[in-house]
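1. my questions are about this predicted structure, shown below with the sequence.
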Amino acid sequence: MAWLLMVFILVSADQISKILIRINLDKNSAVVVVDNFIYISHRINRGAAWSILADKDWGIYVLASISFIASCLMIYLILRSGNRRFKAVVSVICAGSVGNLIDRVLFKGVTDFLELHFGNYVFPTFNVADSLIVCGTIAMVIFMIADKNFLSDFESKGENN
């Protein structure tokens, strides 16, 4: 249950950050944090990463469905695994998925607000949930490479819970 509490706390952090953006910034406006590098902006992404499917009316429903199914699967994996590191990284990824799912269901689009500029290149705007998904996935890949038994502990739910 501690892992589901972790998911709840991370989803809450994501949602609070998005609420603060929606309350304090007009859509498509930005605030400079570090000139020519970091900006806080208010964008609505009706698609997935890099606005994939944003131009399709049905895209939001497909993405919400995928997020819902993936989140349910991850909760199942969290409850089933006996590996603490696996539970931790899946909890982080799950929180990101749920955070963006909430936006898709409630607002028919995800609130993005972190904008990074690298010279003339502007990295696609993202949010806390996106960061959780990416960081959790990177950690999972590192653990999979470093520990050949990382994914082999689903039959045991012993003392590691």
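-> Cool, the structure landed. Just so we're clear, the structure is a prediction, and the values are computed from it rather than from any experiment.

2. so where's the chain uncertain?
-> 49-56, 58, 153-161 (pLDDT under 70).

3. could you pull out the strands for this protein?
-> With strands called from DSSP state E, the chain shows them at 30-34, 38-45, 110-118, 121-122.

4. return the distance of the first one from the chain's centre.
-> By that I understand strand 30-34. 23 Å (CA atoms, centre = their mean, to the nearest Å).

5. and that strand, which strands flank it?
-> As defined by DSSP bridges, the strand partners of strand 30-34 come to strand 38-45 (antiparallel).

6. contacts for the strand it pairs with?
-> Under the criterion CB atoms under 8 Å, 6 or more residues apart in numbering, residues 21-22, 25-33, 51, 54, 107, 109-117, 125 lie in contact with strand 38-45. For glycine as for every other residue, the C-beta is placed from the backbone atoms N, C-alpha and C.

7. between the strands of the chain, which one is closest to Phe150.
-> Of all these, strand 110-118 sits nearest to Phe150, with 29.6 Å by CB to CB.

8. could I get the buried residue list for that closest one?
-> 110-115 (16 or more other CB atoms under 10 Å).

9. report the distance from it to the chain centre.
-> So, by CA atoms, centre = their mean, the centroid of strand 110-118 is 14 Å from its chain's centroid.

10. and the helices in this protein, which stretches?
-> 2-24, 59-80, 84-107, 128-146 (DSSP state H).

11. other SSEs contacting the first one?
-> Looking back up the chat, that one is helix 2-24. If contacts are counted by 3 or more CB pairs under 8 Å, 6 or more residues apart in numbering; DSSP states H and E, helix 2-24 sits against strand 38-45, helix 59-80, helix 84-107, strand 110-118, helix 128-146.
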